[in-house]
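Asks: Next input, structure requested:
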Amino acid sequence: MKRILSTILLSFWTVASFAQLKIKQILVDGKVVNMKQKIVLSPTNNDLLFEFEKPNTTASIFYYRLPKLSEKWTQSFYPSAHYQNLSGGKYTFQIFEQSPNHKSRTETLTFEVKEAFWQKSWFWPSIIIYALMVLGIGIYLFSLYDFRQKLKMQYVRNQIASDLHDEVGSNLNSIAIFVELLKKKMPHAPPELMSLLGKITDNSEETVSLMRDTVWAINPDNDSTEKLLEKMESFGIEMLSSKGVAFDFENLLDIKKSHFPMEQRRNIYLIFKEAINNIAKHAEATKVTCRLFSENGNNYIEITDNGHGFDPEETFEGNGLKNFKFRSEDDDIRVIIHSEINKGTKVRIEIFE
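Replies: Coordinates of the predicted model:
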């Protein structure tokens with residue numbers, strides 16, 4: 001009988017406890033919310049406090065959770081629960097009280113937090129699309145500016161090439177013509193004067209030739225490795241064939257991958273031209289080979305002849321080889337000359353990327 005009576009009393013105590021366990025009030029940013037109406041919080045309401053009435057049972061322990069935020073029950077000896085900065089969505093707040101001998105039923109409250117615009121599903125994709133658009137516009141404007149600068153540079157280069165060819169070239173040719181006329185008017189001039197006039201003519205012709213090479217390099221139409229190789233082969237054949245020298249031009253370069261800037265292209269051609277001129281004038285060779293190839297990421301040009309060779313230390317100044325040194329002073333080009341008496345000469349042009 002005592003056991004039945006204690007069970008009835010325990011059940012009554014439990015029901016009484018549940019009746020007392022309830023949410024007392026809700027405070028949003030310190031202000032009380034009417035719980036009789038649907039609770040909807042704005043995105044800027046970032047401080048939420050639940051207060052609930054504590055049963056008279058002093059040994060009770062409170063547990064609460066917000067399932068969408070965390071499935072774990074939080075223990076608290078104080079009749080309140082505090083949350084901040086909740087993201088948008090619907091929530092169900094749950095509490096229960098644990099007595100020494102029994103768990104009470106769960107008390108729940110449903111509320112909603114409106115989504116901020118930065119929490120909506122379209123926000124970050126829109127930001128990414130906007131950033132890509134800004135990046136695309138930036139790239140387009142930069143490309144347009146770069147294209148206009150290149151057009152302006154091509155116009156300037158065309159203008160310089162035209163002025164050199166028309167004005168400077170014409171004046172140099174006039175000097176050579178005037179010198180020849182002067183020779184004819186002075187048939188009995190002293191040999192020293194005739195020699196001086198001959199040097200003026202030679203220098204004028206050499207300057208005209210150098211100017212033509214410079215005009216060729218400046219002209220935007222020649223901005224390709226293919227044009228450079230064509231000019232090199234054409235010059236080699238023209239210069240050496242007149243001397244009865246066989247010329248073999250072997251190109252192993254990948255034209256699509258090998259690109260030389262304007263100044264580098266000009267120096268390469270002038271070094272090649274100097275080498276061919278020296279062979280035609282001094283080597284007395286019967287065969288010349290020009291081989292172009294790539295190795296370890298760099299490009300190389302080797303010009304080999306079977307002439308009588310020379311001693312570079314003794315004849316460097318006298319054979320005009322100082323031009324090689326002058327042309328190869330840049331960090332991206334190096335000229336190596338190997339020659340032996342009666343064994344020919346090899347000029348190796350190393351072009352660094």
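
Asks: So, low pLDDT: which residues of the stretch 151-300 of the chain?
Replies: Scanning the stretch 151-300 of the chain for pLDDT under 70 picks out the ranges 155, 157-173.

Asks: Run a quick neighbour tally on residue 223.
Replies: By the criterion of other Cβ atoms under 10 Å, residue 223 has 17 neighbours. For glycine as for every other residue, the C-beta is placed from the backbone atoms N, C-alpha and C.

Asks: before we move on, what about residue 304?
Replies: Residue 304 has 20 neighbours, counted by other Cβ under 10 Å.

Asks: dump the residue contacts of it.
Replies: Shown in contact with residue 304 (Cβ atoms under 8 Å, 6 or more residues apart in numbering): 288, 289, 290, 291, 344, 345, 346, 347.

Asks: Go ahead and build a PyMOL selection from the buried members of the residues you listed.
Replies: To isolate the buried members of the contacts of residue 304 in PyMOL, using 16 or more other Cβ atoms under 10 Å:
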select buried, resi 288+290+344+345+346+347
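
Asks: from the contacts of residue 304, which is closest to residue 22?
Replies: Residue 22 lies nearest to residue 291 out of the contacts of residue 304, by Cβ to Cβ, at 96.9 Å.

Asks: you'd agree the closest one is in a strand?
Replies: Yes. Judged by DSSP: H, G, I helix; E, B strand; the rest coil, residue 291 forms part of a strand.

Asks: is it true that it touches residue 247?
Replies: No. Look at residue 291 against residue 247 with Cβ atoms under 8 Å: they stay out of range, at 12.0 Å.

Asks: State the phi and psi torsions of the spatially most central residue of the chain.
Replies: The centroid of the chain falls nearest to residue 139 when counting by Cα atoms, centre = their mean (12.0 Å). Torsion angles at residue 139 (phi, psi; degrees, to the nearest 10) stand at phi -60, psi -40.

Asks: okay, it: pLDDT?
Replies: pLDDT for residue 139: 92.

Asks: where does it sit relative to residue 85, distance-wise?
Replies: 38 Å (Cβ to Cβ, to the nearest Å).

Asks: now do residue 33
Replies: For residue 33, the distance to residue 85 equals 17 Å [Cβ to Cβ].

Asks: higher neighbour count, the two?
Replies: Higher neighbour count among residue 33 and residue 85: residue 33, with 18 against 10, using other Cβ under 10 Å.

Asks: Can you name the residues that contact that one?
Replies: Residue 33 touches 25, 26, 27, 39, counting by Cβ under 8 Å, 6+ apart.

Asks: could you dump these to CSV with neighbour count, secondary structure and pLDDT?
Replies: Output for the contacts of residue 33, formatted as CSV (neighbours: other Cβ atoms under 10 Å; DSSP: H, G, I helix; E, B strand; the rest coil; pLDDT from 0 to 100):
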residue, neighbour count, secondary structure, pLDDT
25, 14, strand, 86
26, 20, strand, 88
27, 15, strand, 89
39, 18, coil, 86
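
Asks: Format those as a markdown table; extra columns: distance to residue 284.
Replies: Formatted as a markdown table, the contacts of residue 33 follow (distance: Cβ to Cβ, whole Å):
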| residue | distance to residue 284 |
| --- | --- |
| 25 | 113 |
| 26 | 108 |
| 27 | 107 |
| 39 | 106 |
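
Asks: Do a quick rundown of the strands in the stretch 151-300 of the chain.
Replies: 246-251, 287-295, 298-305 (DSSP state E, counting those that start in this stretch).

Asks: Out of those strands, flag the one nearest residue 150.
Replies: strand 298-305 (24.2 Å).

Asks: Just checking: what are the partner strands of the closest one?
Replies: Applying DSSP bridges, strand 298-305 is found paired with strand 287-295 (antiparallel), strand 344-351 (antiparallel).

Asks: tell me the domain ranges of the protein?
Replies: With automatic domain parsing as the criterion, the domains of the chain are listed as 2-116, 224-353.

Asks: most packed of these?
Replies: domain 224-353 (a mean of 16; mean count of other Cβ atoms under 10 Å).

Asks: On the three-state scheme, residue 37 is what?
Replies: At residue 37, secondary structure determined by three-state DSSP is coil.

Asks: low pLDDT regions in the stretch 1-150 of the chain?
Replies: Within the stretch 1-150 of the chain, the ranges that satisfy pLDDT under 70 run 1-21, 54-60, 99-105.

Asks: residues in contact with residue 45?
Replies: By Cβ under 8 Å, 6+ apart, the contact set of residue 45 is 28, 29, 113.

Asks: SS state for it?
Replies: Secondary structure state of residue 45, per three-state DSSP, is coil.

Asks: neighbours of residue 156, just the number please.
Replies: 12.

Asks: how near is it to residue 267?
Replies: Between residue 156 and residue 267 the distance is 21 Å, computed by Cβ to Cβ.

Asks: Equivalent analysis for residue 298, please.
Replies: Per Cβ to Cβ, residue 298 is found 15 Å from residue 267.

Asks: Ok, residue 334 next?
Replies: Computed as Cβ to Cβ, the residue 334 to residue 267 distance reads 11 Å.

Asks: For residue 40, list each beta-bridge partner.
Replies: Going by DSSP bridges, residue 40 is paired in beta bridges with residue 112.

Asks: Excluding chain neighbours, give the residue nearest to residue 237 in space.
Replies: Leaving aside its sequence neighbours, residue 237 sits nearest to residue 247 (Cβ to Cβ, 6 or more residues apart in numbering; 5.5 Å).

Asks: didn't the one you found look like it was pressed against residue 235?
Replies: No. The pair residue 247 / residue 235 is not scored as a contact, 9.9 Å apart, by Cβ under 8 Å.
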